[in-house]
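Participant: Whatever this is, show me its structure:
(chains A and B)
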Amino acid sequence: MDDQLKTRPSLLLDLRDPDDGQAWSRFVAIYSPLVYRYARRHGLQETDAADVTQEVFSAVARSIRRFDYDRQKGTFRGWLMAVARSKLQDFLARRDGKLVGAGGTAALRRLEEQPSAEDDDAFIEREHRRCLFDWAVEQIRGDFQEATWQAFWQTGVEGKGTKEVAASLGMTVGAVYIARSRVLARLKEILREIEE
Amino acid sequence: MSFKEVCPDETKIEQMLDGTLPSEAQRRIALHLENCPACQDKFEQFARRATLLPEGAPQPDERRQETVLHRLMEKLSGGRPEAGEQADSPQGEEPYLPFLHPADDPEHLGRLGPYDVISMIGQGGMGVVLKAYDPRLNRFVAIKVLAPQWASNAAARKRFLREAQAAAAVSHEHVVTIHAVDEAEGFPYFVMHYVLGVSLAERIRRTGPLGLKETLRIGAQIASGLAAAHAQGLIHRDIKPANILLENGVERVKITDFGLARVAGEIQLTQTGQVAGTPEYMSPEQARGQALDHRSDLFSLGCVLYAMIAGRSPFASSSVWDVMDRVCNHPPRRLQEVDPETPGWLAEIIEKLLAKNPDDRIQSAAEVAKLLNWRLAQLQQVHADPPIHSSSNLGLTEVRSEPGRVGPDGPGRHAPALKAMRKIGADAPRRSPARVWVVAATLLLLIGTLGVTEATGVTQLTATVIRIFRPEGTLEIVVDDPGVQVAVDGEEIGIEGAGPHEIRLRLGKHQIEVLKNGKPVYQDLVTVNRGGKQVVKIGLAPPDKPAEESPAGKSRKIKSFTPEEKTITQDGMTVKGNAWRIEARENRTVRLFEIPDPGVEDCTVFYRAKMKSEGLVGRAYLEMWCRSPDFGEAFSRGLMNPVGGTTDWASYGIPFFLKKGERTDLIKLNVVIEGKGTLWIKDLELIKGPLRPLATR
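Facilitator: Residues are numbered from 1 along each chain as shown, chains lettered A, B, ... in the order given. Purely as a prediction, here's the structure:
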């Protein structure tokens, strides 16, 4: 019971409520870049990747209520990416002018042939973290003064030296650290809220 | 200066970089850092190791694909496709029609009550329209079912049924007959005469502007259908080409969707492309969310007549706000500029219908029908254009027909806008697939009421608080006057007593407008982002109460400001004696002072000052921002009492209501000049007063 409370799959639960448009748009904001980049990674053109992503989300919207949340069976993201993978295959099959059933293997091979330094799972893991970060950043960006934000961004993300940043922003070094700290705290807070 | 502080240990450093250190400790370390180069270096090392994202910021070459992605996200997040509208389905997926029972005939979609549903004809904001067969009477019918997302709302359901029943009472050859109003499985629906044909919108889209006789014939039929409805006390509220059906063959007009706009307006504040999305045919009073009568339909009829000649609505524009602005404030481009063939008398009739003030319009639909029919009869009998002046016999006496008359804006004013309209027109068909994605709304708008007594001598103020909940925050509008109306996207929000009202807003831009006596006193465009977190709080200053008056109750000064203190904005500011002189060459917000940690809560904060203008064209008002860890950043503006043409010192004040638990850690005092000229300001003070809820309104 305690366990259940700790692992509240909030995003997913909210998502299953068809009237919860907020959950839906948050879901889109976080996951559509992931699906899109995944499709791009497999060699799709921008517009094709957008089409496939749209299909994936359309399918998800239709079947989300049937998805049983069970950590034992696999993660939500795993399920989403399985849908993405299947839609991508369909797309490649269509593009190659073959029926999904008959010539699907060629498409599948194509999918698997994509050479890359890292496997899909690592890519998805990394991209997902980045998508989350991008999303969270967008959420909190407006909460901070420009200087505060710059102090955080330049030192924390762009990796610039604190003194340099402090000088360019006309802040003290201490103020830069405070700014960075404040933004980071907020960032963590918002990420915590949506963690699955 | 002495710093007893010792160098922070590594745990502290990590915590500081991590954002997990309490703010007081942070401040101490920051101070220490200023004087300890060794610690600065140490921090630097740690900070470099703790870069947040190994990938860093997006690379420039990703930008292009980011825009594609961005558009995609906008489209996707507009709504989930299952919620009511049909998904964009290249693979032919079925529409979402949960109210249907399985059909006996496999060719049919399903059954609804006694009807066999054959296909889906279309869908609007309110619901889906189905083509069905009535086996008892052996005829086809069109059935409109309240969309699933509204069907669970009891008030919406009731309203839908009531309006449909009212519309069913109208029996006229130019109004779509409603055969039955019913409910099945909790889904209200009504059954209409099935009109085989196209809508006027479709007709215009396909063949462009209509000929003169066609325009007169269709216009007269719409007017006579409207007259019949108006005689029953029914206002259509959404007269537009899409709601005018043209029966195949004879092209007889059938007006559809009577009164439903009202249902739509109440339950779905905006739904793209439906209510707020197409205000092009709305009357100004409707766009402003004011009370309206049958003459609102006459304005819309004017728009439709105009559209038949010009091929587009007179107020078409690229954005909803632009459209609203045009509807409310600008005359449309003269018809004869659009089409020089337009007879003067017709242009006049339309112009008269498009009068911003309902009193200036032709007063009844019956009159319009009579006028148009008479002109049509003349055209069919004679070949010559009838004499212009005969129009004055038919209720158009105030309209003069000076040939060279030019509207107040002069010709050509709208020429650039026209280009934009054409572009939109061309885009429209291509865009329509995207529309089906735009469905479910995302926001809750909570409306409650809160009474307060404030401290500037104005007692018994009742504030209305409107909250728009966002995923991460609240949009709150505080209006300190019970006599105002609040409209979001042109739809007035009924404020009836306390208790939450829910209204849905889709993602994107929304206009918040506060009206007093029908005049807008505050307007703001609020962008609703995915998970957006912006909080706006508006307090309107009491109009006739100078801040001078002795404050009643326990109010105390937090701080006053004199020109000895340096203002934040320096540009264009000079100090003269005890006042500041501010020059504005264009709209500007002048930042005056910031008060960190004012230590106020559960009170009303007043920002007061004396101001006068000198050659100021436009207006100026006080603005106060309060930042809070609880509600983000919000502001109050003195829009109700701006400095205008006066040149003498007068007192101005604006309140900001801080409820219990709403702390603020920064107050910013600004002055906003909209226009140009010189503004003087002095005697700035920040005052704290009580916030007392009233027992009754």
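Participant: The helix or strand in which B:F160 is found - contacts with which helices or strands?
Facilitator: Assigned by DSSP states H and E, B:F160 belongs to helix B:154-168. In this structure, helix B:154-168 packs against strand B:139-146, helix B:148-151, strand B:178-184, strand B:187-193, helix B:260-267, with contacts taken as 3 or more CB pairs under 8 Å, 6 or more residues apart in numbering or on different chains; DSSP states H and E. Placement of C-beta: from N, CA and C, glycine included.
Participant: Just the mean pLDDT for the shortest one, thanks.
Facilitator: Just to be clear, that refers to helix B:148-151. On average, the pLDDT along helix B:148-151 is 69.
Participant: ok, now how distant is B:N587 from B:E594?
Facilitator: As judged by CB to CB, to the nearest Å, B:N587 and B:E594 stand 21 Å apart.
Participant: Between the two, which has more neighbouring residues?
Facilitator: B:E594 (14 against 11; other CB atoms under 10 Å in any protein chain shown).
Participant: tally of neighbours for whichever residue of chain B sits closest to chain A?
Facilitator: The nearest approach of chain B to chain A comes at B:A30, 2.6 Å away (CB to the nearest CB). Per other CB under 10 Å, the neighbour tally for B:A30 reads 20.
Participant: Taking chain A, what residue is nearest to chain B?
Facilitator: A:G174 (2.6 Å).
Participant: got the buried residues for stretch A:127-145?
Facilitator: A:127-128, A:130-137, A:139-140, A:142-144 (16 or more other CB atoms under 10 Å in any protein chain shown).
Participant: Ok, stretch A:41-56 next?
Facilitator: A:41-42, A:44, A:46, A:48-56.
Participant: filter the buried residues of stretch A:127-145 down to the ones near chain B?
Facilitator: A:130, A:133-135, A:139-140, A:142-143 (CB under 8 Å from any CB of the partner chain).
Participant: right, and out of those, which lies closest to B:R288?
Facilitator: A:G142 (29.4 Å; CB to CB).
Participant: tell me the secondary structure for the closest one?
Facilitator: In three-state terms, and counting by DSSP: H, G, I helix; E, B strand; the rest coil, A:G142 is helix.
Participant: What's the local residue count around B:T207?
Facilitator: 11.
Participant: How is the chain divided into domains?
Facilitator: Picked chain A for this. A:2-139, A:144-196 (automatic domain parsing).
Participant: um, chain B though
Facilitator: Split by automatic domain parsing, chain B gives B:10-49, B:197-396, B:444-690.
Participant: among these, which gets the worst mean confidence?
Facilitator: Taking the mean pLDDT of the domains of chain B, domain B:444-690 comes last: a mean of 66.
Participant: Kindly indicate whether B:A634 is helix, strand or coil.
Facilitator: What three-state DSSP gives for B:A634 is strand.
Participant: ok, it to A:K87 distance?
Facilitator: From B:A634 to A:K87 the distance is 43 Å (CB to CB).
Participant: Who has more neighbours out of the two?
Facilitator: Neighbour comparison, B:A634 and A:K87: the larger count goes to B:A634, with 27 against 22 (by other CB under 10 Å).
Participant: how long is stretch B:593-612 end to end?
Facilitator: Taking CA to CA, to the nearest Å, stretch B:593-612 runs 19 Å from one end to the other.
Participant: close to chain A, is it?
Facilitator: No - Stretch B:593-612 lies out of reach of chain A by CB under 8 Å from any CB, never closer than 10.7 Å.
Participant: List the buried residues of that stretch.
Facilitator: Buried, per 16+ other CB under 10 Å, within stretch B:593-612: B:593, B:595, B:598, B:600-601, B:603-612.
Participant: just stretch B:151-167 next, same as before
Facilitator: Within stretch B:151-167, the residues scored as buried using 16+ other CB under 10 Å are B:151, B:153, B:156-157, B:159-161, B:163-164, B:166-167.
Participant: tell me the contacts of the closest residue to A:E46 other than its chain neighbours?
Facilitator: Among residues not flanking A:E46 along the chain, B:V68 sits closest, at 4.3 Å (CB to CB, 6 or more residues apart in numbering or on different chains). For B:V68, the contact set (CB atoms under 8 Å, 6 or more residues apart in numbering or on different chains) comprises A:46-47, A:49-50.
Participant: Filter those residues down to just the ones in strands.
Facilitator: The members of the contacts of B:V68 all map outside strands under DSSP state E.
Participant: any idea how far B:I235 is from B:A166?
Facilitator: 10 Å.
Participant: try B:S628
Facilitator: 44 Å.
Participant: One more: A:R180?
Facilitator: For A:R180 relative to B:I235 (CB to CB), the value is 59 Å.
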